[in-house]
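[1] Generate coordinates for the sequence data below:
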Amino acid sequence: MTCSILILNGPNLNLLGTRQPEVYGATTLADIESLCQAKADALGIKIIFAQSNHEGELVDLLHAARGVHDGVILNAGAYTHTSVALMDAISSIMLPVVELHLSNIHAREVFRQKSYVAPVAVGQICGFGAAGYPLALDAIVSYIGEKK
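    Numbers count the residues shown, from 1 in each chain. Alright, predicted model coming up:
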């Protein structure tokens, strides 16, 4: 069976490349998806890439991942700092989740330094821009391999 990873992106990430390029860079979400697909091909895994600006839809996608995917990479965007619902969904799906951020949330405003995802994630990658996505794929595939 091939490993399958859901890469889930939260609010405003659809605007990457034009939204605050001084913080998030010039790379678009489509560029990141291409990076991820190339990395997935190199690893011999399957990925599904999704984005939503709606908290409930992100929760639904996490729920739907259970029994379908082997793990999740989640860039929850601003919901990282506010969403108990996402934290509860992650706790409920019994899948490893890697938390991902383009910027270093620990070096930003105080309100961005609190993550509701971190306590229920297997790890966190932040501050490496778009390069964090392939790093997260390496990390989660390694984690899944160690658990099997």
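[2] Excluding its own residues, what touches the lowest-mean-pLDDT helix or strand in the chain? List them.
    Scoring the helices and strands of the chain by mean pLDDT, DSSP states H and E places helix 21-24 at the bottom, with a mean of 76. Applying Cβ atoms under 8 Å, 6 or more residues apart in numbering, the contact partners of helix 21-24 are Leu16, Leu102, Ser103, Gly129. All C-beta spots, glycine's among them, are computed from the backbone N, C-alpha and C.
[3] again, 7 Å this time
    By Cβ atoms under 7 Å, 6 or more residues apart in numbering, the residues outside helix 21-24 that reach it are Leu16, Leu102, Ser103.
[4] Just give me the residue closest to the centre of this protein.
    When Cα atoms, centre = their mean is applied to the chain, the residue found nearest the centroid is Leu74 (2.1 Å).
[5] wait, what's in contact with the closest residue in space to that residue that isn't next to it in sequence?
    Once flanking residues are discounted, Leu74 sits nearest to Leu8: 5.0 Å by Cβ to Cβ, 6 or more residues apart in numbering. Counting by Cβ under 7 Å, 6+ apart, Leu8 touches Ala50, Leu58, Leu61, Val72, Ile73, Leu74.
[6] Turn those residues into CSV, columns for secondary structure and pLDDT.
    Output for those, formatted as CSV (DSSP: H, G, I helix; E, B strand; the rest coil; pLDDT from 0 to 100):
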residue, secondary structure, pLDDT
Ala50, strand, 98
Leu58, helix, 98
Leu61, helix, 98
Val72, strand, 98
Ile73, strand, 98
Leu74, strand, 98
